[in-house]
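> Prediction below, plus the sequence it came from.
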Amino acid sequence: MQKEIIIAGFGGQGVLFGGQVVAYAAMDNGKDVTWIPSYGPEMRGGTANCTVVIADHEIGSPLVKNPPLAIALNLPSFDKYEEVLAPGGTLVVNQSMVDRAAKRDDIHVIMVPCNEIAEEIGDKKLMNMVAIGALLTALPEIKVEDVEKALKGHLPTRHQHLLPKNYEALKRGYEHAQKEWDKVPA
């Protein structure tokens with residue numbers, strides 16, 4: 001098994017942290033993992049993405065051309081990664097920041113209003129955890145509980161008080177995506 005994931009958006013959306021949490025969850029479950037961040041010089045507001053590769057064997061290369069899984073947290077990321085996603089792959093899209101439907105019909109696109117769900121929970125910064133929760137519907141090797149454990153184990157002590165809301169964001173994203181997944185034609 002080898003799963004390749006790209007998470008992309010603007011700097012400040014928690015793109016890199018989201019990828020780290022997925023990588024930690026896989027690593028804590030004994031998987032081989034690579035995590036490579038990439039961001040523009042502007043950081044907050046500039047483009048940011050990260051690549052996570054999870055495998056049950058040694059990873060030959062951390063570079064990914066056509067990932068089977070991706071998260072696009074904004075329109076430029078949707079435009080870019082919809083084109084390169086592997087046929088049959090799954091793209092989780094932050095519907096709050098995207099104003100168009102998918103152009104391809106050979107991929108699964110799961111639209112999730114990440115910003116709105118995060119605001120309902122009470123913290124707009126949680127939109128990345130909503131998206132990660134949604135991604136887990138297409139990544140059965142990692143469970144919501146695994147990501148919760150990774151957050152608890154790797155979140156700095158000064159942020160531990162944020163765990164309950166992070167857990168809620170993960171679950172809400174997963175539940176929303178599960179409903180969308182059920183609508184996807186086989």
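That came through, no problem. Quick caveat: nothing in here was measured; it's all calculated off a predicted structure.

> and the end-to-end length of stretch 90-102?
This stretch, stretch 90-102, spans 12 Å end to end (Cα to Cα, to the nearest Å).

> and that stretch, which residues are buried?
90-98, 102 (16 or more other Cβ atoms under 10 Å). From N, CA and C alone the C-beta is placed, and that goes for glycine too.

> Find the nearest non-adjacent residue to the residue nearest to the spatial centre of the chain, please.
The centroid of the chain falls nearest to I132 when counting by Cα atoms, centre = their mean (3.9 Å). Using Cβ to Cβ, 6 or more residues apart in numbering and skipping the chain neighbours, the partner closest in space to I132 is G18 (5.0 Å).

> ok, now which ones touch the one you found?
G18 is in contact with 7, 50, 71, 128-129, 131-132, counting by Cβ atoms under 8 Å, 6 or more residues apart in numbering.

> 10 Å instead?
5, 7, 9, 50, 52, 71, 73, 127-132, 135, 147 (Cβ atoms under 10 Å, 6 or more residues apart in numbering).

> Could I get the pLDDT score of it?
The score at G18 is 92. That number is its pLDDT.

> Doesn't it belong to a strand?
No: G18 is assigned helix when assessed by DSSP: H, G, I helix; E, B strand; the rest coil, not a strand.

> biggest helix in the chain by residues?
Longest helix of the chain, by residue count under DSSP state H: helix 163-183.

> C-alpha coordinates for it, CSV please?
Output in CSV follows, covering the C-alpha atoms of helix 163-183 (Å, rounded to 0.1, in the frame of the first residue of the first chain):
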residue,chain,number,x,y,z
LEU,A,163,-8.2,19.7,21.3
PRO,A,164,-12.0,19.3,21.8
LYS,A,165,-12.7,21.8,19.0
ASN,A,166,-10.1,20.2,16.7
TYR,A,167,-11.8,16.8,17.3
GLU,A,168,-15.2,18.3,16.5
ALA,A,169,-13.8,19.8,13.3
LEU,A,170,-12.4,16.4,12.2
LYS,A,171,-15.7,14.6,12.9
ARG,A,172,-17.8,17.3,11.2
GLY,A,173,-15.6,17.2,8.1
TYR,A,174,-15.7,13.4,8.0
GLU,A,175,-19.5,13.3,8.5
HIS,A,176,-20.1,15.9,5.8
ALA,A,177,-17.8,14.2,3.3
GLN,A,178,-19.4,10.8,4.1
LYS,A,179,-22.8,12.1,3.1
GLU,A,180,-21.2,13.5,-0.1
TRP,A,181,-19.4,10.3,-0.8
ASP,A,182,-22.7,8.4,-0.6
LYS,A,183,-23.9,10.5,-3.5
